[in-house]
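From the sequence below, what's the structure:
(3 chains)
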Amino acid sequence: MKIAQLLLTWYEDFKRDLPWRRNKDPYRIWVSEIMLQQTRVEAVKPYFDRWMERFPDLKSLAEAEEEEVVRYWQGLGYYSRARNLLQGVREVNQSYGGQVPQTKEEVIGLAGVGDYTAGAILSIAYNKKEPAIDGNVLRVFSRLFCVEEDISSPAAKKNIKQLVADEMSEEQPGDFNQALMDLGSSICIPKTPRCALCPLADCCYAKRNGKEGQLPVKKKKAPPKAVRLIAGVIRQGEFYLLHQRPNKGLLAGMWEFPTVEIKEDGDPMDIFRQGIHKKTGQVIELERLLLQCTHIFSHRQWDISFHYCIVAPDRIVPNDEGLKWVNRRDWEKLSFAGPHRKMEKYLAEKNSQEIWQAFE
DNA sequence: AAGGCGGGGTC
DNA sequence: GACCCAGCCTT
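Now for the predicted structure:
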């Protein structure tokens, strides 16, 4: 029996009930695919539902402010996805009359839409016969056909894309692509595949050769870099000093408590004072240090040791571009960088009274 | 071809 | 603690 038929039969019985599978609205498919880039289904679900409540259709998103759009992405990571999605949606709204285009060249030309996402949108929303090669499909097919190349290499992706194209269902390309992803996430999983439950076990070359546990081959990632940071929770009355990160790079455009990197050895507080001094032009009285706490954040790329200093300086005049005094009540309008979001919640729980009481 | 870009779940 | 996830963009 053909792979496509076995797969689709299995999919009919075991497909997941997901919010973005309720209908074939291209806009909804598009949003879901962007959110799902490098992000697990369970993490996306609540974000997708909130998103559709606020931006139910393409036009409502196209007319929204970027600041609000990014706020709805806060905590999901890879924030350029939100900005690219907004840009792409505005493009469709203006250049395509609000209708998501139906050709590969047009869709892939939209901001934030690459080869995979274009294939997913076209196959799922319009039932076009386009492959959608993601991590799941690479893993499944590297096993099915015993592809021993490093699947992160463009050459391997090209080869597997051809194999997928050869096996694709003519009538249900969208279901075929989604079935592959469901299979990859529940059966053909990274470490020890559950071959006993797999509808394709009989036609899997890796299993036939006893190599299902060794595939796919994937090059190792570089180890994370260690970084020491120190951040200041700096208050004057009801206002806190916050910093908006630059528009490019890590956590682009997100807000944070003013942060200084500790590069050399020495007293962290001393380095903090000097660094903040450069940003503010004013000296912080360290005698007014209220609380110091340390968080460790592990990350794929960064191993961050984070010191927080809660201080109450005499007088600070911001002279750094992104520095701004923000009323505590206005925080909900800002998008905080990950670690600082947790600190913000911590402050909200402790509430100002307990923390600042010693000073008043 | 390589590296940057988040955050969280799983084993 | 290592690994990985419905990838894309820049250099």
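
isn't A:K104 right up against A:A120?
No - with contact defined as Cβ atoms under 8 Å, A:K104 does not count as touching A:A120 (11.6 Å). Yep, even glycine has a C-beta here, placed from its N, CA and C like the rest.

Between these two, which is the more surrounded one?
The residue with more neighbours, out of A:K104 and A:A120, is A:A120; 27 against 15, by other Cβ atoms under 10 Å.

The residue lying closest to that one once chain neighbours are set aside: how many residues sit nearby?
With Cβ to Cβ, 6 or more residues apart in numbering as the criterion, A:A120 has its nearest non-adjacent residue at 4.2 Å, and that residue is A:A132. Neighbourhood size, A:A132 [other Cβ under 10 Å]: 26.

close enough to count as contact, A:A132 and A:G114?
No - counting by Cβ under 8 Å, A:A132 does not reach A:G114; the two are 10.6 Å apart.

how about A:H243, secondary structure?
Per DSSP: H, G, I helix; E, B strand; the rest coil, the secondary structure class of A:H243 is strand.

what residue ranges in the stretch 51-200 of chain A are flagged as low confidence?
Filtered on pLDDT under 70, the stretch 51-200 of chain A yields no residues whatsoever.

Quick check: residues of it near DNA strand C?
A:78, A:80, A:84, A:111-118, A:120, A:134-136, A:139, A:178, A:181-182, A:184-185, A:190 (Cβ under 7 Å from any atom of the strand).

Drop anything exposed from these.
A:80, A:84, A:112-113, A:115-118, A:120, A:134-136, A:139, A:178, A:181-182, A:184-185 (16 or more other Cβ atoms under 10 Å).

Now, these that are in helices?
The helices, defined by DSSP state H, take in A:80, A:84, A:115-118, A:120, A:135-136, A:139, A:178, A:181-182, A:184-185 from these.

What separation is there between the residue in the stretch 201-350 of chain A that DNA strand C sits nearest to and A:G338?
Here the residue of the stretch 201-350 of chain A nearest DNA strand C is A:R300; by Cβ to the nearest atom of the strand that distance is 4.4 Å. Per Cβ to Cβ, to the nearest Å, A:R300 is found 13 Å from A:G338.

which of the two has more neighbours?
A count of neighbours by other Cβ under 10 Å puts A:G338 above the other of A:R300 and A:G338, at 16 against 10.

Can you tell me how far that one is from A:P216?
Distance from A:G338 to A:P216, by Cβ to Cβ: 30 Å.

what's the answer for A:C198, then?
On the measure of Cβ to Cβ, A:C198 and A:P216 end up 16 Å apart.

now A:M52
Applying Cβ to Cβ to A:M52 and A:P216 gives a distance of 34 Å.

repeat for A:D166
A:D166 is 19 Å from A:P216, by Cβ to Cβ.

From the neighbour counts alone, determine which of the two ranks first.
A:P216 (21 against 9).

Let me see the contact set for that one.
Applying Cβ atoms under 8 Å, 6 or more residues apart in numbering to A:P216 gives the contacts A:138-139, A:142-143, A:147, A:151.

repeat for A:L163
Contacts of A:L163 by Cβ under 8 Å, 6+ apart are A:141, A:144-145, A:147.

secondary structure class for the residue of the stretch 51-200 of chain A found nearest DNA strand B?
Closest residue of the stretch 51-200 of chain A to DNA strand B, Cβ to the nearest atom of the strand: A:G77 (2.6 Å). Here A:G77 is recorded as coil under three-state DSSP.
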